[in-house]
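Starting from these lines, generate the structure:
(chains A and B)
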Amino acid sequence: MPDFLRMGIVLMVVGLVATAILSTIESVTRDPIAEAKRQETLRMLKMVLPEGFDNEPVSDTVLLADKRLNSKEKPVIFYRGRKGSTDLGAAYVVTAPDGYSGDIEIMMSVLPAGTIHLVQIVAHKETPGLGDKIMPDKGDWLKKFTGKNSTNIRWGVKKDGGDFDQFAGATITPRAVVNAVKRGLDFFVEKKDLIFQPAKQEKKP
Amino acid sequence: MSENKTLQIIQDGLWSNNGIFVQMLGMCPTLAVTTSLENGFGMGLATTFVLIGSNAVISLIRKLIPSDVRIPAYIIVIAAFVTIIDLTMNAYVHDLHKVLGIFIPLIVVNCIILGRAEAYASKNSVGSSALDGISTGLGFTLALSILGATREILGAGTILGIPIAGSDFQPSLVFVLPPGAFIALGFILVGVRWINEKRENKA
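Reported below is the predicted structural model:
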């Protein structure tokens, strides 16, 4: 057998065996991965949504897109918490494009009356020790949002004439978060009916 | 495999020929993920698993692979093990997987792994190759844990997330940032060299 053929065959066999093993592993781990992701979302939602919902907020969702939620107008998942037929609140992720380094993803939950229940940071790349003082383990800056609606506080950091604190040496991060949450809240107030629309019933065959 | 040889393999991997402290390979994950002890340790264990698997399999097929195509064949084996651990970690230790993120797939290009495949597994029996994988991997884990713990203590004043320094300790941020990785590693290397020199002088 010529050398080049032997090399080709050896590489092909190695590749085939590897592919076969990987596809087995993939099919074994597919469900656990989906379940882990679902649990992760549920944990987050239990943290941010008002207590007492009895629906499955992970699957009770609606997709909406708007440039106030993120500048690229990517569809955002709105998770709805309900008790029976009463709407308790909705949680969704808004993206602040103007952080100090990269996007800041913020999960916020809003009560039907248009009052913020909780704000959490999902992902950020802000400077450790400066911008990341917004994180809940480094202070309770985020708690300032709870109970606020569009009119009972001046939106903006103090430097911009608002009521939210900035940090020494870090104004950009709090400003980006405050503005993103405000935009998210405005969207909520305007589109409340769309956000709480009943989930589409899946047609059963 | 004689007892002496076994001891030699273990000692080489853990210390005398440590992938980080001596060979200076695999610097990308070393410097990038070691912002805390937990991250360094997790990355070390993931790499150890890949090393054991790739070393054993490569040693097993070393006589079947023509030497001209050995590198692509090794890379396929290594990439397969990395994908296995990527999927498994995503499924069963989801939180750690989220923290290590992009660095898991990057284990494929960790020079230590291809280095051990080429320098050791392609020439030795399956047993010694697997043992070499374990000791090299644990040496890597040791190095990453030391670096991660150092950076966590100096940069955040915590260890495994638990505050250990008093409230008047001002953490030095630079150690959590990329430049701090180089500075901390530099001083650790000085320490390692110093210990080795002392031991040599005694002997």
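
where does the chain dip in pLDDT?
Unless you meant another one, I'm taking chain A. A:199-205 (pLDDT under 70).

wait, I meant chain B there
Under the criterion pLDDT under 70, the flagged ranges of chain B are B:1, B:203.

can you pull the buried residues of the helix or strand where B:Ile195 lies?
According to DSSP states H and E, B:Ile195 maps onto helix B:178-202. Within helix B:178-202, the residues scored as buried using 16 or more other C-beta atoms under 10 Å in any protein chain shown are B:180-181, B:183-185, B:188, B:192. Heads up, the C-betas are built off the backbone N, CA and C, glycines and all.

do the same with stretch B:87-99
Result for stretch B:87-99 [16+ other C-beta under 10 Å]: buried residues B:87-91, B:94, B:96-97.

Can you list the strands that the strand ranked longest in chain A pairs with?
Longest strand of chain A, by residue count under DSSP state E: strand A:86-96. Strand A:86-96 pairs in its sheet with strand A:76-83 (antiparallel), strand A:104-110 (antiparallel), by DSSP bridges.

and that strand, C-alpha only, in PDB?
Listed next in PDB are the C-alpha coordinates belonging to strand A:86-96 (Å, rounded to 0.1, in the frame of the first residue of the first chain):
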ATOM      1  CA  THR A  86     -53.100  37.000  38.500                       C
ATOM      2  CA  ASP A  87     -49.900  38.500  37.000                       C
ATOM      3  CA  LEU A  88     -47.300  38.800  39.700                       C
ATOM      4  CA  GLY A  89     -44.500  40.200  37.600                       C
ATOM      5  CA  ALA A  90     -42.200  39.800  34.600                       C
ATOM      6  CA  ALA A  91     -38.500  39.300  34.500                       C
ATOM      7  CA  TYR A  92     -36.300  40.000  31.500                       C
ATOM      8  CA  VAL A  93     -32.800  40.800  30.500                       C
ATOM      9  CA  VAL A  94     -31.800  44.300  29.200                       C
ATOM     10  CA  THR A  95     -28.400  45.000  27.800                       C
ATOM     11  CA  ALA A  96     -26.400  48.100  28.600                       C
END
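
Those residues of chain A touching chain B, which are they?
Residues of chain A lying close to chain B by C-beta under 8 Å from any C-beta of the partner chain are A:3, A:6-7, A:10-11, A:14-15, A:18, A:21-22, A:25-26, A:29, A:32-33, A:36-37, A:39-40, A:127-130.

Among those, name the buried ones.
A:7, A:10-11, A:14, A:18, A:22, A:25, A:29, A:33, A:36, A:127-129.

Can you tell me the closest non-neighbouring residue to A:Ile153?
Spatial nearest neighbour of A:Ile153, excluding adjacent residues (C-beta to C-beta, 6 or more residues apart in numbering or on different chains): A:Asp163 at 4.9 Å.

where's that neighbour relative to A:Thr173, distance?
Separation of A:Asp163 from A:Thr173 (C-beta to C-beta, to the nearest Å): 17 Å.

and what of B:Ser67?
Using C-beta to C-beta, B:Ser67 is found at 55 Å from A:Thr173.

So those two - more neighbours on which side?
Neighbours were counted for B:Ser67 and for A:Thr173 using other C-beta atoms under 10 Å in any protein chain shown; A:Thr173 has more, 27 against 9.

Would you mind giving the secondary structure of B:Asp95?
Of the three states, B:Asp95 takes helix according to DSSP: H, G, I helix; E, B strand; the rest coil.

Any buried residues in the helix or strand where A:Asp186 lies, and which?
Taking DSSP H and E as the criterion, A:Asp186 maps to helix A:172-195. For helix A:172-195, the buried set under the neighbour-count rule, 16+ other C-beta under 10 Å, comprises A:172-185, A:187-188, A:192, A:195.

Spatially nearest residue to the residue positioned nearest the centre of chain B (excluding sequence neighbours)?
Nearest to the geometric centre of chain B sits B:Phe140, at 2.7 Å (C-alpha atoms, centre = their mean). The shortest distance from B:Phe140 to any non-neighbouring residue, by C-beta to C-beta, 6+ apart, is to B:Gly19 (5.0 Å).

what packs against the lengthiest helix in chain A?
Looking across chain A with DSSP state H, the single longest helix is helix A:3-48. Counting contacts by 3 or more C-beta pairs under 8 Å, 6 or more residues apart in numbering or on different chains; DSSP states H and E, helix A:3-48 is packed against strand A:76-83, strand A:86-96, strand A:104-110, strand A:116-123, helix B:70-92, helix B:94-100.

Dump these to TSV, plus distance to B:Ile112.
Shown next, in TSV, are these (distance: least, C-beta to C-beta, whole Å):
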stretch	distance to B:Ile112
strand A:76-83	40
strand A:86-96	37
strand A:104-110	34
strand A:116-123	30
helix B:70-92	11
helix B:94-100	17
